[in-house]
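Trainee: one predicted model, sequence on top.
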Amino acid sequence: MPPKAPQGKAGKNDAASKAQKSAKEGGGGKAKKKKWSKGKQKEKINAAVFFDKNLYEKLKKDVPNYKLITPSIISERMRCNVTMARRAIKDLEFRGVIRCISKHASQTLYTRALAGAE
C-alpha cells in the first residue's frame, strides 16, 4: 500500500490542481442538451385528379419526347396523381406513341417509339 499524502496545505493544492485539470478537459459547466431536428420533408404538391383539356394536350405533346417514361416521372412533371399517369401511359401505348421496355408488377418502364424501330 502506498503511503498516504500528507494532510494540510499540500492536500488543498491537490484538490485545486484537480479542479483546474477538469476545467481544462471538460470545458466546465453543464453541457446543453442536443435538440432534435425536424428532418427534411418533401413539400406536398397539389396533384390533379382529373385530366382537363390543357393537361391532356400537354401530356400528349411532351411525354412522347421523354427518353424514359414511368408513371412516377409523369406524375412528378405533369403534377397529376400516379393513377392518372398509368391511364395516360396505357393510352399512349395503345396509340403507338411510346413502347414498353420492361413490365413488372411494381414499376413499368417505357420509352419513346421511334418511327423506324418497328
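Mentor: Yep, that arrived.

Trainee: CA atoms of stretch 98-112 as CSV?
Mentor: In CSV, the C-alpha atoms belonging to stretch 98-112 read as follows (Å, rounded to 0.1, in the frame of the first residue of the first chain):
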residue,chain,number,x,y,z
ILE,A,98,-44.5,5.0,-76.7
ARG,A,99,-43.3,1.4,-76.3
CYS,A,100,-42.8,-0.8,-73.3
ILE,A,101,-39.3,-1.7,-72.3
SER,A,102,-39.9,-3.6,-69.1
LYS,A,103,-43.2,-4.6,-67.4
HIS,A,104,-43.2,-5.5,-63.7
ALA,A,105,-45.8,-5.6,-61.0
SER,A,106,-44.3,-2.6,-59.2
GLN,A,107,-42.9,-0.5,-62.0
THR,A,108,-43.2,-0.3,-65.7
LEU,A,109,-40.7,1.3,-68.0
TYR,A,110,-41.4,2.9,-71.3
THR,A,111,-39.5,4.8,-73.9
ARG,A,112,-40.5,6.9,-77.0
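
Trainee: does the residue most central in space within the chain count as helix, strand or coil?
Mentor: Residue closest to the mean C-alpha point of the chain, counted by C-alpha atoms, centre = their mean, is residue 42 at 7.2 Å. The three-state label given to residue 42 by DSSP: H, G, I helix; E, B strand; the rest coil is coil.

Trainee: and it, how far from residue 76?
Mentor: For residue 42, the distance to residue 76 (C-beta to C-beta, to the nearest Å) stands at 11 Å. C-betas here are computed from N, CA, C, even on glycine.
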